[in-house]
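K.L.:
okay, predicted coordinates and the sequence, questions at the end:
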Amino acid sequence: MLKFKITERGSREFYEEYYYVAANYSKIKNNPGKKVSSILKNNIVYFISTGLFVIIMFMYFVFEKDYVCFTIGTVLLFALLLFIRMDQSIRRAINALMNYEGTKEITISKSKVTYKDKNKEIGFAMDQVSWVVINKYSICFIPSQRNGALVAMPIEYKKDIVDFLKEEKLDDLLVDNSDKY
């Protein structure tokens, strides 16, 4: 059994990668070799492309008087506002996680994975883990069922996790993407 008491804060990159994995759970569960990135950088692509489409639709409306383009532009404008609100809430959540000053405890055994801090305790059985994905900044335990729990830890613990999984003959769950970066 491995037990980690984490008192230091994770890096901003770790939390951005963690949120990307959480937001793209289905894609990563189905393709654990997928290269992940920062959710905030990913959002910028959405902002720019949606913003460009809004401008194009409204310009087309102005020059061609096509009300379908006006409608599409308006819907895209509301989508852009929604993206901005989501991005702000993700940034607030990341800042809150970075400012957390308590101790986080992650326990990994052959039978289960648990995360515990002063506010919550989450976990799931190891037989419910689809993958243990190692990325550039994070190690994520991807559960087979999306139940709101995603346990992740900074990449600094990679050697301990890999050694433990090999020792317990659970290395078939391991997907190391760290060489893709």
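P.N.:
Yep, that arrived. Numbers count the residues shown, from 1 in each chain.

K.L.:
now the element after the longest helix that the chain contains, going C-ward?
P.N.:
Longest helix of the chain, by residue count under DSSP state H: helix 67-98. Scanning forward in sequence from helix 67-98 by DSSP states H and E, the next helix or strand is strand 104-108.

K.L.:
buried sites along the longest helix of the chain?
P.N.:
Going by neighbour count (16 or more other Cβ atoms under 10 Å), the buried part of helix 67-98 is 69, 72-73, 76-77, 80, 83, 87, 90, 94, 97. Placement of C-beta: from N, CA and C, glycine included.

K.L.:
okay, angle between it and strand 104-108 too, please.
P.N.:
Helix 67-98 and strand 104-108 are oriented at 90 degrees to each other (axes from the mean of the first three to the mean of the last three Cα atoms, to 10 degrees).

K.L.:
avg pLDDT for helix 67-98?
P.N.:
Across helix 67-98, pLDDT averages out at 92.

K.L.:
what's the closest of the buried residues of helix 67-98 to Phe164?
P.N.:
Nearest to Phe164 out of the buried residues of helix 67-98 is Leu97 (Cβ to Cβ; 24.7 Å).

K.L.:
tell me which strands the helix or strand bottoming out on mean pLDDT in the chain pairs with, and in which orientation.
P.N.:
Every helix and strand in the chain was compared by mean pLDDT, DSSP states H and E; the lowest is strand 121-125, with a mean of 87. Each strand paired with strand 121-125, and its direction, by DSSP bridges: strand 112-116 (antiparallel).

K.L.:
quick revisit: next secondary structure after the least confident helix or strand of the chain?
P.N.:
Remark: after strand 121-125, the chain's next helix or strand is strand 129-134, criterion DSSP H and E.

K.L.:
tell me where the chain is predicted with low confidence.
P.N.:
For the chain, residues meeting the criterion pLDDT under 70 lie at 148.

K.L.:
that older thread, which residues sit against the least confident helix or strand of the chain?
P.N.:
The set of residues external to strand 121-125 that reach it, using Cβ atoms under 8 Å, 6 or more residues apart in numbering, is 107, 111-116, 143, 147-149, 151.

K.L.:
report the two of those residues separated the most.
P.N.:
The largest separation in the contacts of strand 121-125, counting by Cβ to Cβ, is between Ser111 and Gly148 at 20.6 Å.

K.L.:
ok so, going back, elements contacting the longest helix of the chain?
P.N.:
In terms of contacts (3 or more Cβ pairs under 8 Å, 6 or more residues apart in numbering; DSSP states H and E), helix 67-98 is packed against helix 12-23, helix 39-64.

K.L.:
coming back round to it: which one of the contacts of strand 121-125 is nearest to Thr50?
P.N.:
When the contacts of strand 121-125 are ranked by distance to Thr50 (Cβ to Cβ), Gly148 comes first, at 27.9 Å.
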